[in-house]
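In: structure for this input, please:
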Amino acid sequence: SAADFAPKAAAAATGSSRNARKKKAKESKEAEAAPEVENFTPPQRQGGAEAAEKPAPAGDGDEVEKKVRALRKKLRDIDKLKEKAATGAPLDPLQKQKLEGESEILQQIRSLGAEP
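Out: Take a look at the predicted model:
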């Protein structure tokens, strides 16, 4: 029946369907919130860059162990890459970069008080 389509036809003629109105409302809401996000500055961390290089205190044993495990995993990956390179397989630039970072990873493990 034509009566069922009358409201849709009227909305289409004005260009403001329900979805269009919802989209417009959402955009205006985001536009109001955007200036707050742009002016946001994160708070300064205590200790700055020096704290990142110091070994973690003994109370954070779980975090230290987790970090050491992650670093040892990187060393295993490096060992696999060394084996791959020894067979004559070509390495991509990122793999070469990982190989070059081995000494740094060893140093980080030692600074955490663990053996590589």
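In: which SSE is immediately downstream of the longest helix seen in the chain?
Out: If you go by DSSP state H, the chain has its longest helix at helix 61-86. Next helix or strand after helix 61-86 toward the C-terminus (DSSP states H and E): helix 93-100.
In: re earlier: next, the angle from the longest helix of the chain to helix 93-100.
Out: 120 degrees (axes from the mean of the first three to the mean of the last three CA atoms, to 10 degrees).
In: give me the number of residues near Leu71?
Out: 19 (other CB atoms under 10 Å). Where C-beta positions appear, they are placed from N, C-alpha and C, glycine not excepted.
In: need the contact list for it.
Out: Contact analysis of Leu71 by CB atoms under 8 Å, 6 or more residues apart in numbering lists Ile105, Gln108, Ile109, Leu112.
In: turn those into CSV, including pLDDT.
Out: Shown next, in CSV, are the contacts of Leu71 (pLDDT from 0 to 100):
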residue, pLDDT
Ile105, 93
Gln108, 92
Ile109, 90
Leu112, 89
